[in-house]
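Student: Show me how the following folds:
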Amino acid sequence: MNLGILGYSSYQGMVLYDRLGERFHPDIITLCFLNNELTKSAMEDKNLRPRPRSWAERLLHRSQIYRFFTDVMTRRRLNPPPGAMVVAPGQKWVHRVSPEDSRANLEHIITAARARGIPVVVINPWSTDTPNAEPHAGHRKVLRELPERFTGVYLADVKADFDKRRRVMEMLMLDEFHPNPRGYHEMARVIADVIEREKLITEK
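Tutor: Next up is the predicted model:
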């Protein structure tokens, strides 16, 4: 089941899991959060509080087209083009989620999943640094340390795998963040290798 949502950070993923996680009984949970954590914004995600929706807005949010265009406009606001002024003079940009908050969000999800006996695969995705995303070292350190802090948590290191393929990266990536279909196929292979190696799925 795919609960991945375009533009979500680990904070929003944590909220989503708290709302829906108990409804489902997956064999494995995969977590993939990085680039949206580093997007610069006027406010951290944890400080954003959505206003209540009217009945008309709730109806519109059932439309995938409406949600797509809403997301595009939100991303333009949170990730403005160079020179755009969307914060008050003197106000500093912040990352949407700090490394410390990313760790807390992911550990919250993992703790809840492990309490139900569900193994978790944490994905370390490949990406490049951009003008709107500072070096990823702090967040990647969090991802790599999670399997050391929890039993039943495993790392699918897509970045390490893709780094070995630097000469063919243009064949795997759509842009600096998003893989193309071939790239997603390779990501799936890395994840599948972890699942098979750790025997996370057994025949019932």
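
Student: What are the boundaries of the helices in the protein?
Tutor: All helices of the chain, identified by DSSP state H, fall at 10-20, 35-38, 55-60, 64-78, 99-115, 137-149, 158-163, 181-197.

Student: For Pro26, grab the count of nearby residues.
Tutor: The number of residues packed near Pro26 is 13, by other Cβ atoms under 10 Å. In short, each C-beta sits where N, CA and C put it, glycine included.

Student: ok, now Glu145?
Tutor: Per other Cβ under 10 Å, the neighbour tally for Glu145 reads 13.

Student: so what's it closest to, chain neighbours aside?
Tutor: Taking Cβ to Cβ, 6 or more residues apart in numbering, and ignoring the residues beside it in sequence, Glu145 has Arg103 as its nearest neighbour in space, at 8.0 Å.

Student: before we move on, what about Glu44?
Tutor: Distances taken as Cβ to Cβ, 6+ apart place Val94 nearest to Glu44, at 5.6 Å, with adjacent residues excluded.

Student: tell me the contacts of that neighbour?
Tutor: Contacts for Val94 (Cβ atoms under 8 Å, 6 or more residues apart in numbering) come out as 40-44.

Student: Contact partners for the most centrally placed residue in the chain?
Tutor: In the chain, the centroid-proximal residue (Cα atoms, centre = their mean) is Phe33; its distance is 2.3 Å. Shown in contact with Phe33 (Cβ under 8 Å, 6+ apart): 8-10, 13, 97, 102, 105-106.
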